[in-house]
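A.B. asks: okay, predicted coordinates and the sequence, questions at the end:
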Amino acid sequence: MSIARDISDAGHQLVAWIKFDGSASIPSSGTSTVGILASFNISSLNEISTGRYEITMTNSVADHHMCVVASASAGTGNTDAATFVHDSSNQKFTVYTYTSDSGNLSGSYTQISAVAYR
């Protein structure tokens with residue numbers, strides 16, 4: 001039996017994923033899809049402040065106890081990124097992107113991905 005099958009049999013599943021361009025002109029509120037390169041079960045993406053992205057799922061889950069994993073990359077030859085994720089509700093989560101050498105929030109990463117499991 002595969003690991004994916006074991007996870008599914010245990011009642012856990014992938015509930016949403018997104019890949020987006022954090023350097024795009026993403027609005028701070030509303031139901032924007034600007035910057036989204038590809039996604040599943042995502043209705044909107046907003047940049048709340050520099051390097052802080054609120055992601056809203058189309059279909060909510062039973063509660064806010066999700067496991068969300070994120071990564072970021074600025075492309076070749078650029079500063080390494082660090083990410084932090086906060087699951088704020090059963091329909092939204094927030095991804096923070098930092099420049100790993102300075103620890104400052106950064107909105108310059110061109111490839112940001114997040115996956116949510118429940």
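C.D. replies: That came through fine. Numbers count the residues shown, from 1 in each chain.

A.B. asks: shaky segments in the chain?
C.D. replies: Flagging of the chain using pLDDT under 70 yields the residue ranges 1-11, 75-79.

A.B. asks: how about the helices in it?
C.D. replies: Counting by DSSP state H, the segments of the chain that form helices are 3-9.

A.B. asks: show me where it has strands.
C.D. replies: In the chain, the strands defined using DSSP state E lie at 14-20, 36-40, 42-49, 52-57, 67-73, 81-86, 92-99, 111-117.

A.B. asks: and those: which comes nearest residue 30?
C.D. replies: strand 42-49 (6.9 Å; Cβ to Cβ). In this view, the C-beta of every residue, glycine as well, is placed from N, C-alpha and C.

A.B. asks: neighbouring strands of the closest one in the sheet, and parallel or not?
C.D. replies: strand 52-57 (antiparallel) (DSSP bridges).

A.B. asks: and the strand it pairs with with strand 92-99, angle?
C.D. replies: 150 degrees (axes from the mean of the first three to the mean of the last three Cα atoms, to 10 degrees).

A.B. asks: now the closest residue to residue 53 other than its chain neighbours: how far from residue 113?
C.D. replies: Counting by Cβ to Cβ, 6 or more residues apart in numbering, residue 95 is the residue found nearest to residue 53 once chain neighbours are left out, at 4.8 Å. Separation of residue 95 from residue 113 (Cβ to Cβ, to the nearest Å) stands at 9 Å.

A.B. asks: find residues that contact each of those two.
C.D. replies: Counting by Cβ atoms under 8 Å, 6 or more residues apart in numbering, the residues touching both residue 95 and residue 113 are residue 70.

A.B. asks: with neighbour numbers in mind, choose between those two.
C.D. replies: For residue 95 and residue 113, the more surrounded residue by other Cβ atoms under 10 Å is residue 95, and the numbers stand at 25 against 18.
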